[in-house]
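Colleague: My questions concern the predicted model and sequence given below.
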Amino acid sequence: MSGETDLRKILVGLSPIADDADYGFGLVPAGQTPPAGMSIFALMHEPEGTTLIAPSDQLAAAGLVHTPGWSKITLTIHSSLSAVGLTAAVAAALTDAGISANVVAAYYHDHVFVPLNRREDAISILKKLAQTA
């Protein structure tokens with residue numbers, strides 16, 4: 001399956017779902033490996049080190065430098081990696097409400113990390129975006 005590429009169809013089918021966990025963005029210094037046993041959602045390797053997205057309590061328990069307080073919202077539509085405009089549409093809608101958004105694209109779905117205390121606002125905004133597409 002290659003996923004949907006039509007932006008209107010993607011927006012109509014967003015069906016955002018928020019995870020209950022408090023996620024954090026953590027850092028493993030360059031040359032080190034992530035601790036074993038963590039429920040890591042994503043890894044991104046950069047020259048300065050490896051960024052982990054994982055439950056905040058696990059990052060803290062591992063003693064990793066991290067920024068907690070993020071909610072993961074999954075856009076359940078299977079969007080194509082080559083679809084144009086989804087990230088921009090989501091970011092613009094959340095920007096208008098003063099909500100920061102960190103988007104991580106995966107093979108089947110896009111995931112938007114928003115401040116935990118704005119999770120419900122973000123879900124409402126994304127549902128409205130879907131209804132008005």
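Modeller: That came in fine, so what should we check first?
Colleague: From now on I want contacts and neighbour counts done on CA atoms only, so please keep to that.
Modeller: Will do.
Colleague: quick one: secondary structure of Gln131?
Modeller: Here Gln131 is recorded as helix under DSSP: H, G, I helix; E, B strand; the rest coil.
Colleague: wait, doesn't it sit right on Val12?
Modeller: Yes - taking C-alpha atoms under 8 Å as the definition, Gln131 is a contact partner of Val12 at 6.3 Å.
Colleague: So which of those two has more stuff around it?
Modeller: Neighbour count, other C-alpha atoms under 10 Å: between Gln131 and Val12, Val12 has more, with 17 against 12.
Colleague: Ile53 and Ser2, how far apart?
Modeller: As judged by C-alpha to C-alpha, to the nearest Å, Ile53 and Ser2 stand 25 Å apart.
Colleague: higher neighbour count, the two?
Modeller: Taking other C-alpha under 10 Å, Ile53 and Ser2 do not tie; Ile53 has more neighbours (24 against 11).
Colleague: ok, what's across the strand from that one?
Modeller: Phe25, Ala42 (DSSP bridges).
Colleague: what about Gly69, neighbour count?
Modeller: Gly69 has 17 neighbours, counted by other C-alpha under 10 Å.
Colleague: what's whichever strand or helix holds it packed up against?
Modeller: Remark: Gly69 resides in strand 65-75, with elements defined by DSSP states H and E. Strand 65-75 sits against strand 16-18, strand 23-29, helix 56-61, strand 110-115, helix 119-132, with contacts defined as 3 or more C-alpha pairs under 8 Å, 6 or more residues apart in numbering; DSSP states H and E.
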